[in-house]
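Student: Kindly generate the corresponding structure for this input.
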Amino acid sequence: MKPILNSNQQWKTCLTPEQYKILREKGTEAAFTGKYYNHHEKGTYTCAGCGEPLFASDAKFDSGTGWPSFFKPMKKESVKEESDNKLFMKRTEVLCAKCQGHLGHVFNDGPNPTGQRYCINSAALGFKKK
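Tutor: Okay, here's the model as predicted:
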């Protein structure tokens with residue numbers, strides 16, 4: 001996959017301020033406020049920055065956290081995971097592998113079959129209806 005290497009100024013012209021804050025500055029939206037946390041249509045969740053397909057609606061579940069949660073990405077190579085030791089916590093950050101945009105974090109408290117919970121910001125996502 002060929003990475004997208006836009007400058008900050010280029011990202012500011014193609015993202016909303018909220019998308020820029022989350023995708024480029026590693027921000028987080030407030031729980032229960034994002035448009036996809038209680039979204040139940042069938043389709044594909046994509047990266048809001050570059051359109052890369054990230055998560056299938058069949059992998060989405062209600063974690064009760066207020067953010068869209070998935071038990072696996074569509075393809076493991078579509079996301080990148082990095083250590084995040086900010087805020088005095090040890091977490092695993094999830095990024096879009098194509099544009100390096102911050103999506104959220106992954107935790108080991110999800111449902112079967114993976115036991116993982118990809119906790120993703122709605123503003124970092126787009127959606128393509130099936």
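
Student: For the residue nearest the centre of the chain, which residues are in contact?
Tutor: Ranked by distance to the mean C-alpha position of the chain (C-alpha atoms, centre = their mean), the top residue is Leu103 at 3.1 Å. With contacts defined as C-beta atoms under 8 Å, 6 or more residues apart in numbering, Leu103 is in contact with 23, 47, 54, 79, 94-96, 118, 120-121, 124-125. Every C-beta, even on glycine, is put in place using the N, C-alpha and C of the backbone.

Student: Got the phi and psi for it?
Tutor: phi -110, psi -40 (degrees, to the nearest 10).

Student: from memory His105 sits against Leu95, does it?
Tutor: No: His105 lies out of contact with Leu95 (C-beta atoms under 8 Å); the separation is 10.4 Å.

Student: quick revisit: do you know the pLDDT at the residue nearest to the centre of the chain?
Tutor: At Leu103, the model reports a pLDDT of 98.

Student: quick one: which of the contacts of Leu103 is most hemmed in?
Tutor: Within those, most neighbours by other C-beta atoms under 10 Å means Ala124, with 31 neighbours.

Student: Which pLDDT value goes with that residue?
Tutor: Listed pLDDT for Ala124 reads 98.

Student: Now do the contacts for it.
Tutor: By C-beta under 8 Å, 6+ apart, the contact set of Ala124 is 19, 22-23, 47-49, 96, 101-104.

Student: That one and Tyr20, how far apart?
Tutor: Ala124 is 11 Å from Tyr20, where distance means C-beta to C-beta, to the nearest Å.

Student: now Gly34
Tutor: For Gly34, the distance to Tyr20 (C-beta to C-beta) stands at 15 Å.

Student: With that, I have no additional questions.
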